[in-house]
Every structure is written in C-alpha cells, then in structure tokens.
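*Asks:* the sequence and its predicted three-dimensional model are supplied below.
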Amino acid sequence: MSYSYFADYYDQLTENVDYAEKADYFIKLLEKHNHKPGVTLDLACGTGTFLLELKKRGIDVFGADMSSDMLSQAQMKACEHGYQILLLCSRMQDLELPYKIDTCVCTLDSINHITSKKELIKAFGRIYEFLADDGLFVFDANTVYKHREILGDNCYIYDTDTVFCAWQNNYIERNHKVIITLDFFEPDGDVYVRTCEQFAERAYTHNEIEEMLLSAGMETAALYDDMSFEPPDDCTQREIYVVRKMKK
C-alpha cells in the first residue's frame with residue numbers, strides 16, 4: 001500500500017488536526033515522565049507536519065514512513081522551512097535505523113494501519129531493537145469503540161477548493177477492522193478526474209496491545225485518554241500509550 005493518491009490530499013483531509021497542540025502535549029507528556037526527548041523518531045511521519053512542529057521546538061527529530069509519496073511531501077515542507085531532516089522510507093515492521101533512539105513517537109492511529117497481530121508484533125520488535133534502554137515509545141491507537149460506534153459503516157464527504165472526496169467505511173465486527181475507500185474527484189477544466197485509494201485499519205483491545213508489547217519485550221508505563229492525562233473510559237476514541245523496555 002503506497003498511499004500515493006492519499007498523499008496528495010492528506011493535508012487537506014486532516015485540516016482539523018491541531019499539530020501544534022499535539023506537539024505541545026507530547027512535550028508535556030515527556031516532562032511528566034521525566035524524560036528528555038533526545039534523538040527522536042517520528043514513526044509513520046506521513047507528510048511531516050507533526051515532525052516539523054517537533055523540530056520547531058528544538059527536538060532532534062527524524063522521520064520514517066512506508067510511503068515515498070508521503071515522504072516527498074515531508075521533504076518539500078522541510079526545505080520550505082530551511083530544515084535538513086533525515087527521512088527514511090520503510091515499513092514499521094522492517095525498520096532499520098542508523099543509530100539508537102531515545103524516543104519514538106507514532107501518532108494519528110498509524111498503529112491501526114497494521115492489521116495483522118503477527119506484523120504488529122514485528123513492528124514493536126523493531127522499535128525495541130533501536131530504542132535506548134531508558135527510552136520511551138509513545139503511540140496512539142484508535143479504540144474498538146471508535147471503530148464500531150464512530151467509524152462503523154459511515155460515509156463522509158470532504159469538499160475543498162481543490163478536491164471533492166467521498167470517504168466510505170465498511171466495518172467488520174469479527175476483528176474490528178474498517179475497510180476505508182476514498183474516491184477523489186479533482187477538477188480538470190470542465191470535467192472531474194476520479195482516483196481511488198483503499199486501505200484498512202484494525203482496532204485492538206487494550207489486552208491485545210499489552211500482549212503484543214510483552215511479546216516484543218516492552219511494557220506500558222502509562223495509558224491516557226487522547227490529549228489528556230486522564231485514564232481512558234468506555235467511550236474513549238483514541239488512547240495514548242507510554243511504553244518502556246522491560247528490565248532484563
């Protein structure tokens with residue numbers, strides 16, 4: 001899955017995301033856990049907006065993503081801001097880094113895009129391999145509640161100045177997976193050109209995530225409701241995990 005068409009429109013479809021607020025929250029979270037960010041990897045960095053917010057705050061950050069199209073967008077943004085940032089094209093489960101990292105952050109339900117438990121354990125294992133012994137892995141994940149009650153079989157329409165997008169979901173109860181189909185209609189003179197992208201996201205229960213982390217040698221140090229320091233509840237849509245390596 002390359003997310004090639006999605007990359008072109010990703011920023012327009014996520015205009016409601018306050019990346020600056022997310023970056024401030026991330027820094028406060030690290031402070032709460034008495035952790036200095038040090039060398040930081042933004043895993044599944046996408047088009048790089050969150051990565052640049054971290055860079056603006058003085059964090060030594062680089063990015064990795066499986067989509068070369070997303071990374072091209074990120075590279076252009078970095079150049080526009082005068083930054084030289086290392087960007088690696090890699091799947092999470094194949095991650096190879098040039099050095100150890102002190103912090104790994106993975107946001108906006110990127111973990112949910114890995115729909116196989118076996119593959120997600122491999123991804124966690126690669127993070128374990130490169131995370132410093134006293135490092136922190138911070139990620140968010142959509143909950144089963146969000147997939148079942150919010151995304152479900154719903155459809156959404158995005159109508160911007162440059163593209164019309166029809167977003168259709170197909171929810172599969174058995175494994176809490178949502179098949180997402182995006183139809184983009186871009187104006188070209190008097191006609192519209194249609195392109196299509198399809199991918200899936202899977203929600204895991206908290207117990208499933210804990211088991212997969214343990215399989216990779218890591219454990220949860222804290223669990224929060226999205227953008228807060230409160231515990232999640234039955235209606236939480238996105239959970240924040242703060243993870244450490246297990247002591248040998």
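*Replies:* Structure's in. What do you need?
*Asks:* among the helices and strands of the chain, which has the poorest mean pLDDT?
*Replies:* Here the helix or strand of the chain ranked lowest by mean pLDDT, DSSP states H and E is helix 4-13, holding a mean of 69.
*Asks:* name the next helix or strand downstream of it, please.
*Replies:* helix 19-32 (DSSP states H and E).
*Asks:* for stretch 158-173, measure first residue to last.
*Replies:* End-to-end distance for stretch 158-173, by C-alpha to C-alpha, to the nearest Å: 26 Å.
*Asks:* contacts for it?
*Replies:* The contact list for stretch 158-173 (C-beta atoms under 8 Å, 6 or more residues apart in numbering) reads 9, 12-13, 147-148, 151-157, 177-187, 192. (Each C-beta comes from the backbone N, C-alpha and C, glycine too.)
*Asks:* list the buried ones in it?
*Replies:* Of the residues in stretch 158-173, 163, 165-167, 169, 171 count as buried by neighbour count, 16 or more other C-beta atoms under 10 Å.
*Asks:* again with stretch 16-23
*Replies:* For stretch 16-23, burial by neighbour count (16+ other C-beta under 10 Å) applies to 19, 22-23.
*Asks:* poorly predicted segments of the protein, please.
*Replies:* Filtered on pLDDT under 70, the chain yields the residue ranges 1-7, 248.
*Asks:* domain-wise, how is this structure divided?
*Replies:* 4-142+204-245, 146-202 (automatic domain parsing).
*Asks:* which strands or helices does whatever helix or strand Leu136 lives in pack on?
*Replies:* For Leu136, the element it lies in under DSSP H and E is strand 131-142. Strand 131-142 is packed against helix 19-32, strand 101-106, strand 238-245, with contacts defined by 3 or more C-beta pairs under 8 Å, 6 or more residues apart in numbering; DSSP states H and E.
*Asks:* strand partners (parallel or antiparallel) of that strand?
*Replies:* Strand pairing for strand 131-142, using DSSP bridges, gives strand 101-106 (parallel), strand 238-245 (antiparallel).
*Asks:* burial of Ala141, as a residue count?
*Replies:* Ala141: 21 surrounding residues under other C-beta atoms under 10 Å.
*Asks:* apologies, that question was intended for Arg91.
*Replies:* Neighbours around Arg91, by other C-beta under 10 Å: 17.
*Asks:* and for Lys177?
*Replies:* By other C-beta under 10 Å, 17 other residues sit near Lys177.
*Asks:* with the one 4 residues further on instead?
*Replies:* Burial of Thr181, expressed as a neighbour count using other C-beta under 10 Å, amounts to 14.
*Asks:* is Ala203 in contact with Ile150, as I believe?
*Replies:* No. Contact between Ala203 and Ile150 fails when scored by C-beta atoms under 8 Å: they sit 10.5 Å apart.
*Asks:* more neighbours: which of these two?
*Replies:* A direct count of neighbours by other C-beta under 10 Å for Ala203 and Ile150 places Ala203 higher, at 24 against 14.
*Asks:* can you pull the contacts of that one?
*Replies:* 112, 141-144, 146-148, 176-178.
*Asks:* ok, 6 Å please
*Replies:* By C-beta atoms under 6 Å, 6 or more residues apart in numbering, Ala203 lies in contact with 142-144, 147, 176.
*Asks:* drop anything exposed from those residues.
*Replies:* Buried among the contacts of Ala203 (16+ other C-beta under 10 Å): 142-143, 147, 176.
*Asks:* the helix or strand containing Asp42 pairs with which strands, and in what direction?
*Replies:* Element membership for Asp42 (DSSP H and E) is strand 39-43. Paired strands of strand 39-43, with direction, are strand 60-65 (parallel), strand 101-106 (parallel) (DSSP bridges).
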